[in-house]
Structure formats: C-alpha cells, structure tokens
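Q: Let's see this in three dimensions:
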Amino acid sequence: MRPRVLVPADPRLPRDVPAGTEAVVVGGGIAGVSAAVVLAERGVAVTLLEAAPTLGGRLGAWPHTLPDGTEQVVEHGFHAFFRHYYTWRSVLRRIDPELSFLRPVGGYPVISRDWPPEDLTGLPGAPPLNLLALFARSPSLGIRDLLTSDQALAAQLLAYDRDTTTAAFDAMPAADFLKQLGMSDRAQAMLFEAFARSFFASPGSLSAGELVAMFHYYFLGNPEGIGFDAPDTDYLTCIWAPFQAYLEKHGAQVRTSTPALALAPESHGWRVTVPAGPPLSTRHLVLATEPGALRSLVAASPDLAAVAPRLARKAAAVQVAPPFAVTRLWFDRDVAPDRPTFNAVSREPTLDSITVYSRLERPSAEWAARTGGSVVELHSYACTASDVDEATARMRAELAALWPETAAAQVVHLQQRMEATAPTFPPGSAGTRPSVTGDARGVRIAGDHVDPPFLSGLMERASMTGVLAANDVLAEVGSAPERIDGVPQRGLLAGLLPRRT
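A: The predicted structure follows:
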C-alpha cells in the first residue's frame, strides 16, 4: 500500500494570497499551529492566540526545576509520532526538514501482570498480510480464536467504509463489539482493550464505529506498519520554540497567555475579545482549541447563536473525555535493563502506559547518568481517581506489581498533572461533532475532536484539520491548497460484505 493523495496541490492557482489577507487562529496546539504555519507561509497576516504560557496544547511542554537545581522540561505525557502521520510530519519538516530530532522507539509491547507481553510492531503494512502475520506471531491469538470468533463480525475490521461502518456500529459500545467477536479474554485484553483505551475512554464508553475506524487507520489500513518515532529531547526545545520562531519569521504574531474570551459577528467577519487591549477583528477565524474550551467560548458568545446556530448547537454538544493523569517520577535507581522504553498496560485499574524517559530523551538520560537514577512516566488515559494524588498512588502501586524492582525505589521528585481536555467519541455521537467548515460563515474548526472529511486520528487528526482549515481560507481568497496525504480511506473488503443493520 501507498499513501493516498487526499487533497492535491493545484499548480494553476497562485500560492501566495492577495495583499491584506489576515486571519486569527485561536489555540496554539497542533491544530492551531498547523493552520497558522500554512497561512503565514502564504503571506496571510496571522495572529495566533494561546491561553497557556507556551504553545503545544496536549503536546505542550514547560520548564520545571528539580530539587537539586537541575532545569528540565516536562509535558502532558508521552506521544507516539506514527509514521503515517503524513500531515503532521509535513508541518514538522518546516522546522526540521530531515526530522532529525525523531528517533525510532524499539517495540510497542502491551504488558500485563497476567500474560506475557504482546508486541505489535514489525508486522507487514498491507492487509490481509498484516492480519495473517498477527495471528501467526501473536501469543494472544491462536487457531481457536480464529475458529471460534464471529468471523462475519471480524471481517468488518477489513471492511471499513466511513458511511457503512458508521451506520452499522456508531451506536454500539466498543465493549459490546469486542464481546461479540468471541475471542479469548486474553486476546481481547492484550490486543483490543489496550488499543481502545489509548483513545481516552474505556471500551464501554467508546463507539464501536470509532474503534473499527481507528483499527483500520492504525493497523489494517496503515501503509507504514505499526512503528513510531519519538523526539530525542523535550517538545519545547525541538518543536514549540522552533515553531514560534518560524511563525514570527513569517510575520505572524504569537500571543501566549492570551485566551479568546468571546466571539461576536461583525459586518465582514468576527470580533474576538481578549483579556487586555482592544478586540481583534478578522474576516477569517480558525478555532483550534481543545473541546471543552470550544464549548465554553461559544457559550460565552451570546450573539453567535443568532448567526451561527449550527455551530452553537454542535459546540454545546461537544463531549470531553474523563480526566487523564500523568505522573513523572525521578527514582533513585534504574529500572531493570530489559524494560522497554514505552509500554502499553492492560487490565490495570488505573495505569495505562509506562514510559522510561531516561531511555527516551537526552535531558532525562543525562540526569539519570549523573545520579544513577531513572525517570519514569505513568499515564492513565481515562482516570477514575478522585484527584491527582490518588491517581499517582494507584499508578505507583500498579507499577510495582508489574515491575517489582520499582517497589523499593525511592522517589527523589515527582511531577503530576490531571486534567480533562481530551475529546471522546461515545456511542451514538457521529454527526454531532463540529466540522472543519460549514458550521458558521468565516469560521473554521480544527482539532482532534473535529469530524474531518478524511480518516485520521489523534495528532494527525489535529494537524489535518488545521491544514484543512487553512485550505478553506486559501480557497476563499483564490490561492492554491496545501497538499494533504493520508492512508487508504476504505478497507480491503469495503463494499463486498452484506450490510449490517
């Protein structure tokens, strides 16, 4: 398989925009920066507003001082830069054409205290070879699973199609889909449930339609195979500081610590109220906030509903995932030498992933080499703890059960965070989410909570919708679109199976 050209460039149209074209982008995460980069490169006078002190959103990072005086940078949690994130990688190449800051992360094991690890990396990139290789190699899948599973239902994983998959499975919880597959408890736990939880939801709270779509996107329809890279240093150093410099070089105004407080229609566009100084007036507005902030911003804009009822309705219906918790631990000793850098975790009440940062990024590795310790990050994707201290205590205990050598380790320092800013895709939610365009005149919506016209997920969905938002501005002023590549948009068996009702 090869990537598909989803949006071709148009050499018949000019790349640069007419003089005087401007835009306001609200939100400085992946979606907002992707939109701002494309627009600023074409000559648009961009004003980028970000409520936080630094850019990045959920990929954001900020300075942190350890008790020994060491300056480090911490983040919202580990993120995998999958190789089929074509849009996001294209945007990243603006600040590093060779992507030299990315390094392969060896293996992607799913670990459990009940079963041996399951590693999904190194499989072929094309169906059905990847699925056959998974059955041949996986310790969790045996011939019994193949023979006793609901093969007609399992075939739907190979038959992804946006319209038919949504119609058949959107209203079904992913947990019901997995149960009906009829595979062993081990296979469900090690292969499917851990995958589902990485979308910030328990399988009972995730649409089966979204599960099938993401299984196609990350596995069955992914030309690159399940392999990913990660930055070799912190995100602030290698991504966000360079992006701010790049945008400013292209004439953009980057205003951090500046949230948008309210929106109001004007004769030729929109007025954006900010905490200090006069409101901003713009003809082209891109809202690239996290989902809860979009809901709050629209609710704080009473004049918007009269001119953009569809946007007001969809923004009010936006749902936010349960809180996620991230705890970074500086231990006084190393973990066992055979521990992989990144580990997905199955069937623990709280802990969903473990990342050994002292084997991932230079600043943490340098601290560990100097002190003899290690830096380990724990992540709970849909956390049920009452507060961050409880989340940390629970994840710490579950880590010790999985990696016994950490039970006696002393915590030299910890940094913990718990927040609810991620999107969720519950059963029955298809059609309720904002679209990139069409919900309000002059307004484009971007982010990983947005319903894009092309299949994508997580960071790539954020970047793709940002570029699509920029393309809509470019189209309005007669300029050529930015090219967008993606995975095959339909499964191998799409259109060949009987419709499910």
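Q: could you show me where the strands are in the stretch 251-400 of the chain, in order?
A: 253-255, 262-266, 269-273, 280-282, 285-287, 324-331, 342-345, 353-356, 374-380 (DSSP state E, counting those that start in this stretch).
Q: most neighbours per residue, which of those?
A: Sort the strands of the stretch 251-400 of the chain by mean neighbour count, taking mean count of other Cβ atoms under 10 Å, and strand 285-287 sits at the top with a mean of 29. Bear in mind the C-beta positions are built from the backbone N, C-alpha and C, glycine included.
Q: Please name the strands paired to it in the sheet, noting orientation.
A: Applying DSSP bridges, strand 285-287 is found paired with strand 22-26 (parallel), strand 443-445 (parallel).
Q: Show residues contacting it.
A: 23-27, 32, 35-36, 263, 269-270, 272, 294, 297, 442-446, 466, 469-470, 473 (Cβ atoms under 8 Å, 6 or more residues apart in numbering).
Q: Give me the buried entries from those.
A: 23-27, 32, 35-36, 263, 269-270, 272, 294, 297, 442-446, 466, 469-470, 473 (16 or more other Cβ atoms under 10 Å).
Q: sorry, back to before: make a markdown table from the strands paired with strand 285-287 and add distance to residue 315 and mean pLDDT to it.
A: Output for the strands paired with strand 285-287, formatted as a markdown table (distance: least, Cβ to Cβ, whole Å; pLDDT from 0 to 100):
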| stretch | distance to residue 315 | mean pLDDT |
| --- | --- | --- |
| strand 22-26 | 13 | 98 |
| strand 443-445 | 8 | 98 |
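Q: Return the residue of this protein that is most distant from the centre.
A: Distance from the C-alpha centroid of the chain, by Cα atoms, centre = their mean, peaks at residue 267 (36.0 Å).
Q: Give me the distance between that residue and residue 297.
A: Relative to residue 297, residue 267 is positioned 21 Å away (Cβ to Cβ, to the nearest Å).
Q: With residue 7 instead?
A: Distance from residue 7 to residue 297, by Cβ to Cβ: 28 Å.
Q: And for residue 234?
A: 29 Å.
Q: what's the answer for residue 43, then?
A: Separation of residue 43 from residue 297 (Cβ to Cβ) stands at 28 Å.
Q: Check residue 420 too.
A: Applying Cβ to Cβ to residue 420 and residue 297 gives a distance of 16 Å.
Q: again with residue 16
A: 31 Å.
Q: Just the C-alpha atoms of stretch 422-436, please, in CSV.
A: Provided in CSV are the C-alpha atoms of stretch 422-436 (Å, rounded to 0.1, in the frame of the first residue of the first chain):
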residue,chain,number,x,y,z
ALA,A,422,-9.2,15.3,25.5
PRO,A,423,-12.1,14.5,23.1
THR,A,424,-14.3,11.5,23.4
PHE,A,425,-16.3,9.6,20.9
PRO,A,426,-19.1,7.8,22.7
PRO,A,427,-21.7,5.5,21.1
GLY,A,428,-24.2,7.5,19.1
SER,A,429,-22.1,10.6,18.7
ALA,A,430,-21.5,10.5,14.9
GLY,A,431,-22.8,13.6,13.2
THR,A,432,-22.9,15.7,16.4
ARG,A,433,-19.3,16.9,16.3
PRO,A,434,-18.2,20.1,14.6
SER,A,435,-16.9,20.0,11.1
VAL,A,436,-13.9,21.9,9.8
